[in-house]
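Visitor: Attaching a predicted model along with its sequence, questions to come.
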Amino acid sequence: KMSYTKKAVQGVILVFTINIIAAFFGYLIRIVLARNLTVVEYGLFFSVFTLINFVGIFIGFGTGEALLKYIPEFIAKKENNKLVSSIFYTLKITFVTFLFFAVLMFFSANFLAKNYFKNDLALPVLLFSIIIMLLSSVKTILKLIFQAFQKMMLYSMMYLLENLFILSLLFLFFSFQKNIFGAVYSYIFAFFIIIIIFSFFALKLFDLFKHRKPIEKNLIPLLHKYGLQVTITAFGGIVVIYTDTLLLTYFRTLDEVGVYNAIVPTAMILQFIATSIITVLFPMFVELWALGKKSYLADGLKLLYKYFFLIIIPGVLIVFAFSETILRLMFGEGYVSGAVAMQILLIGIIFLGLHSLTSSLFLVVGKPEISTRIMIEGALINLVLNLIIIPKYGYIGAAITSLLAYFYIALRCLLKLRNFIEVKIPWINWLKTIFAGFVMLAIIFFLKNMISLNVYLEAFICVFIGGLVYSVLAFFLKIIDIKEIKDIIKQI
């Protein structure tokens, strides 16, 4: 048990640290794009990217995600032939499905540019995005392989270097031409470089030719059954997360799409907390479940839920308090109008994070259909509400529907999980954490009204004092257990 705890703690710290740096550069990418493109070009770029992400979930039909489930099992059982053949099969299916969607997109690009995006620039951007779609699919498989092999340094470095390359290339291309094509070229070249570099590391993880044999017939339906569930779940997730942008593009203006795609990444940057945790723990959870160590799994989940909430609440509320300032400083005055929508979306991020942590556990216990069903329910709620609210209220309506959908899928997952894993949800600790968070928020708003200094110094003073009060309350209300903290520190 101690070795799993140590491995988990060290892995989370590693991934979390690198992801913080990578997320910082990812956010800089958005800022550079917003500062060098018009609001319309910025909105168009991310509208096309959203469409690519939507189509991308069907490429490979989830067989790539199935690797994440089965590679740890193959490693534990020393079934190297199955491991290698499943990777080859996934690559083949990925390429075949990509060709289908590439042809479909090529012939529909002109129609989409005129009738959906309603902008002449959309046509060439859509055609270039086909290349991005291919490179992104290969890049995703590499990341899944690293995660499945629990090579978290490689997994995290892929994300970090990808953002560094994109950012560097943006500066390069924008020095020649400040338009949307500079952004498109930057992503294409960055993805290509990343694939070349990390393919070398992936090939060192296993003997590609020694264990390559025709894939076993019983393995194909196994990959596709799991992959289909993941694809349906991912489809629901895409509907929940990206329907806003897709419907804003159709019903409203590209200016509003641009503003919304400034507030979404600003809010979503806090989602990397949950993403970092589950990235490390998922393969371990799979292994623990396969080995029958359910008590270890339950103990880990108890701590996971408790401390995730303790970390995410202050982060959300600090960004909430400085939403206008952040948008003004980072993106410019033209994006400040999205502050209220961002505040609404930030509350939703808490529930989205809880859902991310919980839904992955249904995959661990072999019940992906539950996660799929809940996500589809959430997607339908999001879609129906978006169709009703977005035409009239724009991105504020989009933020409200996202909040409601995130709350629904998080609550459903938490309640359903208890049927499979005996873990106590720390409701009382969560209520205490929320109380401490609101006290911190009240202090920050009070100090903001009382002092008038340089914006950075003012923010530092407010956050420092508010954070200090939050920490004191966390100990006073016994949210933080000193013994638990000491035990965790021992594993570092």
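Guide: Good, I have the coordinates.
Visitor: From here on, just use CA atoms for contacts and neighbour counts.
Guide: OK.
Visitor: Quick check: residue 386 touching residue 242?
Guide: No: between residue 386 and residue 242 there is no contact under C-alpha atoms under 8 Å: 11.0 Å.
Visitor: what about these two, which has more around it?
Guide: More crowded of residue 386 and residue 242, by other C-alpha atoms under 10 Å: residue 386, with 26 against 18.
Visitor: Helix or strand: which one has that one?
Guide: In this structure, residue 386 sits in helix 368-417 according to DSSP states H and E.
Visitor: and that helix, what does it pack onto?
Guide: Packing partners of helix 368-417 (3 or more C-alpha pairs under 8 Å, 6 or more residues apart in numbering; DSSP states H and E): helix 219-251, helix 254-268, helix 339-364.
Visitor: now these in TSV, with distance to residue 381 and mean pLDDT?
Guide: Shown next, in TSV, are the helices and strands packed on helix 368-417 (distance: least, C-alpha to C-alpha, whole Å; pLDDT from 0 to 100):
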stretch	distance to residue 381	mean pLDDT
helix 219-251	9	76
helix 254-268	19	87
helix 339-364	14	87
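Visitor: want to throw these into JSON lines with distance to residue 36?
Guide: Formatted as JSON lines, the helices and strands packed on helix 368-417 follow (distance: least, C-alpha to C-alpha, whole Å):
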{"stretch": "helix 219-251", "distance to residue 36": "21"}
{"stretch": "helix 254-268", "distance to residue 36": "13"}
{"stretch": "helix 339-364", "distance to residue 36": "21"}
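Visitor: Quick one: neighbours of residue 15, just the number.
Guide: The number of residues near residue 15, taken as other C-alpha under 10 Å, comes to 24.
Visitor: Verify the stated contact: it with residue 156.
Guide: Yes: between residue 15 and residue 156 there is a contact at 5.8 Å, judged by C-alpha under 8 Å.
Visitor: what's the host helix or strand of residue 48 in contact with?
Guide: Following DSSP H and E, one finds residue 48 within helix 39-56. Residues outside helix 39-56 that contact it (C-alpha atoms under 8 Å, 6 or more residues apart in numbering): 33-34, 101, 117, 122, 125-126, 129, 133, 137, 179-180, 235, 238, 242, 245-246, 249, 254-259, 261, 334.
Visitor: In PyMOL, how would I select the buried members of those?
Guide: Buried residues among the contacts of helix 39-56 (16 or more other C-alpha atoms under 10 Å), as a PyMOL selection:
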select buried, resi 33+34+101+117+122+125+126+129+133+137+179+180+235+238+242+245+246+249+254+255+256+257+258+259+261
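Visitor: ok, so what distance separates residue 204 from residue 198?
Guide: Using C-alpha to C-alpha, to the nearest Å, residue 204 is found at 10 Å from residue 198.
Visitor: For these two, indicate the residue with more neighbours.
Guide: Set residue 204 next to residue 198 and count neighbours by other C-alpha under 10 Å: residue 198 wins out with 18 against 9.
Visitor: Show the contacting residues for that one.
Guide: 142, 158.
Visitor: what's the spacing between it and residue 152?
Guide: 13 Å.
Visitor: do residue 318 as well
Guide: For residue 318 relative to residue 152 (C-alpha to C-alpha), the value is 29 Å.
Visitor: Can you pull the poorly scored residue ranges out of the stretch 51-200 of the chain?
Guide: Low-confidence segments of the stretch 51-200 of the chain (pLDDT under 70): none present.
Visitor: all helices of the stretch 51-200 of the chain, in order?
Guide: If DSSP state H, counting those that start in this stretch is used as the criterion, the helices of the stretch 51-200 of the chain fall at 63-76, 80-112, 122-148, 152-174, 180-203.
Visitor: most tightly surrounded among those helices?
Guide: helix 63-76 (a mean of 22; mean count of other C-alpha atoms under 10 Å).
Visitor: thinking residue 327 is in contact with residue 340, fair?
Guide: No: applying C-alpha under 8 Å as the test, residue 327 and residue 340 come out as separate, 11.0 Å apart.
Visitor: So those two - more neighbours on which side?
Guide: Using other C-alpha under 10 Å, the more surrounded residue of residue 327 and residue 340 is residue 327, with 23 against 17.
Visitor: Now do the same contact list for that one.
Guide: Residue 327 neighbours (C-alpha under 8 Å, 6+ apart): 262-263, 333, 335-336, 338-339.
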